[in-house]
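Novice: fold the following.
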Amino acid sequence: MNIIEFPDPSLANEEGLLAAGGDLQPQTLLAAYSKGIFPWYAEDQPILWWAPDPRMVLFPTEFHCSKRLARRMRQNIYTVSFDEGFEQVITACAEIPRRGENGTWIFPEMIEAYCRMHALGHAHSVEVWQDDDLVGGLYGLLYHQTFFAESMFSKSIDASKVALAMLCERALQEQWKLIDCQFHTDHLQSLGAREISRQEFISRISSA
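Specialist: Reported below is the predicted structural model:
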């Protein structure tokens, strides 16, 4: 097995880009996530590795559950499961149209790589069901009490928010340190996520 060595995350450029190339083998992904680095690239690019500063994170105790979301969860419209449909979730994340985005970054090789990580027990999913239909969910990688959230999707009102709420509940039960959300979005901020420095982020995941 090759030993993967990534550059120090502090060497990333202003946009957070740190390195290019490599592969998506399990040992490569684990080496990356252990340093707070993740892959994200377009179809015509090599694999690009990122370590942005600041870093968007969600501390489980700070999840903001709006009155509307709390009411929807009490209505029991949805049922939630964990790790029962990982490939379905990541495929849905790849296929669902997103405002302001043209295409997807979750290519077949990315799906294959994270399904492999799931089979090895590193990657996990949350599924939100309405009857027998998968209407929302998220997936990511759990490493040393940090959940590195990769993507989420929703086909029904608040379904992805329900998935995140249940992920935070699991995080509190299992004493995870934080949920990594990578980059800032207003949507994530409305749910309680906030930015911390890259240095603080790496310090927190290193001490987990």
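Novice: any idea which helix or strand carries the spatially most central residue of the chain?
Specialist: By C-alpha atoms, centre = their mean, the chain has its centre lying nearest to A149, at 1.3 Å. Taking DSSP states H and E as the criterion, A149 maps to strand 146-154.
Novice: what's the answer for L188, then?
Specialist: Assigned by DSSP H and E, L188 belongs to helix 186-190.
Novice: quick revisit: relative to A94, how far out is the residue nearest to the centre of the chain?
Specialist: Here the criterion is C-beta to C-beta, to the nearest Å. By it, A149 lies 15 Å from A94. For every residue, glycine as well, the C-beta is placed using N, CA and C.
Novice: again with P108
Specialist: Noted for P108: a distance of 9 Å to A94, by C-beta to C-beta.
Novice: domains for this structure, by residue range?
Specialist: According to automatic domain parsing, the chain comprises the domains 9-50, 55-207.
Novice: related to what we said a few turns ago, next helix or strand past the strand holding A149?
Specialist: The helix or strand immediately downstream of strand 146-154 is helix 159-174, counting by DSSP H and E.
Novice: follow-up on the earlier one: turn the domains of the chain into TSV, including mean pLDDT.
Specialist: Putting the domains of the chain into TSV (pLDDT from 0 to 100) gives the following:
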stretch	mean pLDDT
domain 9-50	96
domain 55-207	95
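Novice: so what's K161 closest to, chain neighbours aside?
Specialist: Spatial nearest neighbour of K161, excluding adjacent residues (C-beta to C-beta, 6 or more residues apart in numbering): L69 at 5.4 Å.
Novice: cool, R198 as well?
Specialist: Counting by C-beta to C-beta, 6+ apart, R198 lies nearest to D53, which is 3.6 Å off, once chain neighbours are set aside.
Novice: next: A163.
Specialist: A163's closest residue in space is V126 (C-beta to C-beta, 6+ apart), at 4.3 Å.
Novice: which SS class is the one you found?
Specialist: Under DSSP: H, G, I helix; E, B strand; the rest coil, the three-state class of V126 is strand.
Novice: tell me what it is bridged to.
Specialist: Going by DSSP bridges, V126 is paired in beta bridges with F82, L138.
Novice: I'd like the distance between it and A70.
Specialist: As for V126, its distance to A70 is 18 Å (criterion: C-beta to C-beta).
Novice: which one's more surrounded, those two?
Specialist: V126 (27 against 11; other C-beta atoms under 10 Å).
Novice: roughly how far apart are the more buried one and C93?
Specialist: Counting by C-beta to C-beta, the gap from V126 to C93 is 12 Å.
Novice: find the residues that touch each one of these two.
Specialist: G137, L138, Y139 (C-beta atoms under 8 Å, 6 or more residues apart in numbering).
Novice: now rank the residues you listed by neighbours and give me the top one.
Specialist: Across these, neighbour numbers were computed from other C-beta under 10 Å; G137 holds the maximum, 32 neighbours.
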